[in-house]
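# Next comes the sequence, and after it the predicted model I'd like to discuss.
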Amino acid sequence: MCEQDILEAVLAGCQSSEPLKGVGARGSKNGCFRTGGRAVRLDRYSKILAVHEGAVTAQAGVTVCELNAVLRRHGLALSTHGEWAGASLAGSAATGTHGGSLSHGIFSTSLLSVRIIPADGHAREFRRGSPGFEHAAVSLGALGIISTLTLECEVAFSLEMEMGVHPFERYLAEQDDLIKQNEFFSAVWCPPSHRVLTFQANRVPIQPKVGRRRERFCLRHCVHHRLSRLGTFEAFPARWSGLTSVDTCHDILSPISASGARARLLRFLGNFVRAVEFAVPLRRASESLVALQQLLRLHPEVLVHPVGLRATGRDGFSLSPAFGRDSFWIDLFLFPDRRFESALSETFEGLEARCHWGKHLALSRNHLRHQYPHWEAFWTMRDQMDPERVFENDFTRSLTS
């Protein structure tokens, strides 16, 4: 598959009455790629085109895992990326996917340029610092089909990751220091047992692999969460404290190796679960956790897994959840419950929350519109690049209608 195939698909879409959408690894949990219309499958559009002068240019369908394999051979790495190695580069950029580092922003902060094919079929390249780049870096697929991305790299590095267990109240007291004193930091909070399991990683001289990085949402953690909710087991026992792993940044930062097919199967089996992720201002992190704790005490049955916690630095992308502010991310897996979701939305809208675009949008369109200062400017650019709404689908329509 080549870019010409995408150009032809876009022109054909313009001539038909069906909307058009780019589809990558299909890992988004809000089903945006399952909306109606003709799909342009990008999973076979997955070549690394160039590695040069500290940058890599890749086709849209390349996965994080595939990119890391090539960068590893060149002694290079991205500064940060999401935990799922099976995510496509285009999907990671378009949905504002993030890692867990206040020192680094979301995945799109590594972008040097992104090439998009809009409705007229003429590819447009947006370079860092050029007009329109701030809209193209996190585009939701609304501006056109992403063709290629050029990403800034750095010399590959090793990370030492330490795990620890903290009582919830102690974690709240130390959270700010933990986030700011570690280059990479994430956590999972088990509300039934009032414990937080932390993952803090910092650079060390390159050395042999030591141990294997444990995933935040691995089976063990989820089983412990379930047993603690039943009152039969204390989640995250103290003996887990002090576990350490040392590995390349590629494997430490993206430990979830599930293939796209496996991720889709798990999502199908878990269709009854809502994945919601809020981004609140970092200054309101502790306030947000206390508010969530109060809600979960009233609705203890809704939480499926432990709660994921991370932070990222601010950026200047129009639809980035971290636009203009350091952000704290709260990742929830919930059984659908209308009363709880209504209370959750009301609470987090009061906390200035934004949301991860690749997950269930638990915030109202009116609230979201007021959370993004350049919201109208983005959709104005969409009107210019897609005047006939060729790329509009149920997901993007829900944000504008």
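Done, it's in.
# List the contacts of Leu140.
The neighbours of Leu140, taking Cβ atoms under 8 Å, 6 or more residues apart in numbering as the test, are Cys32, Ala94, Thr95, Leu319, Trp357, Phe395, Thr396, Leu399. From N, CA and C alone the C-beta is placed, and that goes for glycine too.
# Buried residues of the helix or strand where Ala12 lies, list them for me.
In this assignment (DSSP states H and E), Ala12 forms part of helix 3-15. Buried residues in helix 3-15, defined by neighbour count with 16 or more other Cβ atoms under 10 Å: Glu3, Ile6, Leu7, Ala9, Val10, Gly13.
# and what of stretch 99-116?
Neighbour count says stretch 99-116 has 99-102, 104-116 buried, by 16+ other Cβ under 10 Å.
# what's the answer for stretch 336-343, then?
Buried-residue list, stretch 336-343, by 16+ other Cβ under 10 Å: Phe340, Glu341.
# Go ahead and name everything in contact with it.
Residues outside stretch 336-343 that contact it (Cβ under 8 Å, 6+ apart): Phe272, Arg274, Leu295, Leu298, His299, Glu301, Val302, Leu334, Ala362.
# Farthest-apart pair in those, please.
With distances taken as Cβ to Cβ, the most widely separated pair in the contacts of stretch 336-343 is Phe272 and Leu298, at 21.0 Å.
# okay, now the nearest residue to Arg203 once chain neighbours are set aside: neighbour count?
Using Cβ to Cβ, 6 or more residues apart in numbering and skipping residues adjacent in sequence, the residue nearest Arg203 is Phe157, 5.2 Å away. Neighbour count for Phe157, taken as other Cβ atoms under 10 Å: 16.
# Please apply the same query to Glu53.
Residues near Glu53, counting by other Cβ under 10 Å: 6.
# can you give me phi and psi for it?
phi 50, psi 50 (degrees, to the nearest 10).
# pLDDT below threshold where in this protein?
Within the chain, the ranges that satisfy pLDDT under 70 run 24-37, 208, 212, 214-242, 258-271.
# go with 80
1, 9, 11-40, 206-242, 255-272, 401 (pLDDT under 80).
# Tell me where this protein has helices.
3-15, 64-73, 89-94, 133-136, 168-181, 219-229, 249-253, 260-269, 285-298, 338-349, 365-371, 375-385, 394-400 (DSSP state H).
# where's the shortest one relative to the chain centroid, distance-wise?
Read it as helix 133-136. Relative to the centre of its chain, helix 133-136 is centred 18 Å away, using Cα atoms, centre = their mean, to the nearest Å.
# Please work out which residues outside it touch it.
With Cβ under 8 Å, 6+ apart, helix 133-136 has contacts from 111, 113-114, 116, 126-127, 143, 316-319, 374, 377-378, 381.
# change it to 10 Å
Where contact means Cβ atoms under 10 Å, 6 or more residues apart in numbering, the residues beyond helix 133-136 that reach it are 93-94, 108, 111-116, 124-128, 130, 142-144, 146, 315-320, 323, 374, 377-382, 385.
# How about Pro191, nearest residue that isn't a chain neighbour?
Leu296 (5.0 Å).
# One more: Arg382?
In space, Arg382 is closest to Ala142, 5.0 Å off (Cβ to Cβ, 6+ apart).
# give me every residue that touches the one you found.
Per Cβ under 10 Å, 6+ apart, neighbours of Ala142: 21, 94, 135, 319, 378-379, 381-382, 385-386, 389, 391-393, 395-397, 399-400.
# Can you report phi and psi for it?
For Ala142, the backbone dihedrals are phi -80, psi -20 (criterion: degrees, to the nearest 10).
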